[in-house]
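Show me the folded form of this:
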Amino acid sequence: MAAQETGSVSNACLCVLCGLPAAGKSTLARKIFSTAAQSGWRVTVVPYDDLIPERAFRIRAEEESSVKLQEMHTEWKLHRQAVLLCIEQFLMNPEVPQSSSLINSTAWEQCIQALQPHGLKADHAPLLFLLDDNFYYPSMRYEVCQLARKRLLGFCQVYLQCDRESCISRNQSRCQPIPTEVIEEMVKRLESPNPQKNSWEKNSISLNAADSLSECDFQRVMDLISSALSNPLSPAEDNTEQKEADRLKCANSVVHQADQACRRLVSEAMKTAKENQSQPEHMRSLAAQLNESKATFLHDLRKQVLQEVPYIEEDTNVEHIVKKAIEIFEEKKNEILSRTISEHK
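Okay, the predicted model is just below:
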């Protein structure tokens with residue numbers, strides 16, 4: 001087991017709070033904060049919505065509406081990684097101020113202020129980071145797990161399961177509600193923790209947050225965190241070559257299946273155009289646009305899979321990846337088809 005750096009923090013835990021917007025993550029975080037602080041722990045809430053600039057949220061929305069899947073993740077991931085980097089820098093040397101141009105410095109300073117030691121024994125008190133975000137993709141959560149492994153920290157996850165209607169209703173009663181379509185889109189994207197599929201998610205619990213959480217639910221959360229603090233993760237073995245082979249195998253499988261599905265969608269589009277009595281030259285133009293779009297889509301999909309797969313420890317759900325990807329291509333196909341038909345009527 002690697003030794004901790006001089007001055008680094010020990011006996012610490014990273015707790016991921018994930019779920020749909022308005023599922024109750026922030027409310028739970030405040031209750032954990034209060035209870036942990038009363039127990040003498042040093043605890044802080046890391047609210048991603050406050051730390052990541054609004055501009056980044058707009059960029060993400062614009063990029064996710066396009067077919068360029070690779071670019072879709074790049075800038076958004078940089079901001080998220082900056083949050084984890086500041087946490088890591090604090091863990092390595094709490095006395096040195098952390099900063100990043102990619103996150104809100106004022107919000108980060110507020111996070112750190114909550115961790116300042118009070119009293120003679122505070123330096124040795126358990127340290128708890130409550131990461132408050134949707135964390136809708138496993139890859140987002142796995143980055144937190146990787147940090148915990150690297151720094152020998154406790155790691156756990158609390159998933160607040162709440163139905164779409166309840167989240168939308170709660171959101172509408174907020175002072176600053178987010179657009180309903182954001183929640184609708186999140187419902188489609190969210191992949192909850194799955195310990196059976198991902199062994200690194202074994203320290204996870206799921207709570208029904210449609211109603212108020214019970215004291216029993218809250219006690220489960222505190223027991224989970226206490227267990228994680230007592231059982232820090234250790235660095236994973238280096239199996240780089242096997243991971244590389246798995247990534248390539250997964251990418252090839254995803255692209256092959258996506259290619260077959262895209263071909264069917266292109267054929268359906270051509271049939272629709274023919275039924276609308278499109279002229280031969282318009283049919284040729286449509287075919288060229290669809291095939292060019294398909295080629296770009298598959299190229300970017302392969303790059304995305306190669307980028308995202310490293311977080312997987314067990315077999316990747318190829319069918320799920322293909323399904324999500326094809327939904328994006330189908331939207332692009334419909335857009336091209338509708339435009340072509342309307343232009344040549």
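
For stretch 100-108, output the C-alpha coordinates as CSV.
In CSV, the C-alpha atoms belonging to stretch 100-108 read as follows (Å, rounded to 0.1, in the frame of the first residue of the first chain):
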residue,chain,number,x,y,z
SER,A,100,-8.7,26.6,-10.7
SER,A,101,-9.9,28.9,-13.4
LEU,A,102,-12.5,26.2,-14.4
ILE,A,103,-14.6,26.4,-11.2
ASN,A,104,-16.1,29.2,-9.1
SER,A,105,-13.4,30.2,-6.6
THR,A,106,-15.8,31.8,-4.1
ALA,A,107,-17.9,28.6,-4.0
TRP,A,108,-14.8,26.5,-3.5
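
taking the mean pLDDT, what do you get for it?
Mean per-residue pLDDT for stretch 100-108: 90.

where in the protein is pLDDT low?
For the chain, applying pLDDT under 70 flags the ranges 1-10, 54-76, 117-123, 237-245, 308-317, 344-345.

Would you map the strands across it?
For the chain, the strands defined by DSSP state E occupy 12-19, 42-47, 127-132, 154-161, 204-208.

Format those as JSON lines; extra columns: distance to L233.
For every residue, glycine as well, the C-beta is placed using N, CA and C. Below are the strands of the chain laid out as JSON lines (distance: least, CB to CB, whole Å):
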{"stretch": "strand 12-19", "distance to L233": "9"}
{"stretch": "strand 42-47", "distance to L233": "18"}
{"stretch": "strand 127-132", "distance to L233": "14"}
{"stretch": "strand 154-161", "distance to L233": "5"}
{"stretch": "strand 204-208", "distance to L233": "14"}
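
Quick one: closest of the ones you listed to C216.
strand 204-208 (10.0 Å; CB to CB).

Give the other helices and strands that that closest one contacts.
In terms of contacts (3 or more CB pairs under 8 Å, 6 or more residues apart in numbering; DSSP states H and E), strand 204-208 is packed against strand 154-161, helix 215-230.

highest average neighbour count across these?
Among those, ranked by average contacts under mean count of other CB atoms under 10 Å, first place goes to strand 154-161 (a mean of 23).

Would you mind pulling up the elements that that one packs against?
For strand 154-161, the packing partners by 3+ CB pairs under 8 Å, 6+ apart come out as strand 12-19, helix 25-38, helix 138-150, strand 204-208, helix 215-230.

Nearest to C162 among those would be which one?
Evaluated over those, closeness to C162 peaks at strand 12-19, with 6.2 Å, by CB to CB.

Domain map for the protein?
Following automatic domain parsing, the chain resolves into domains at 12-230, 240-343.
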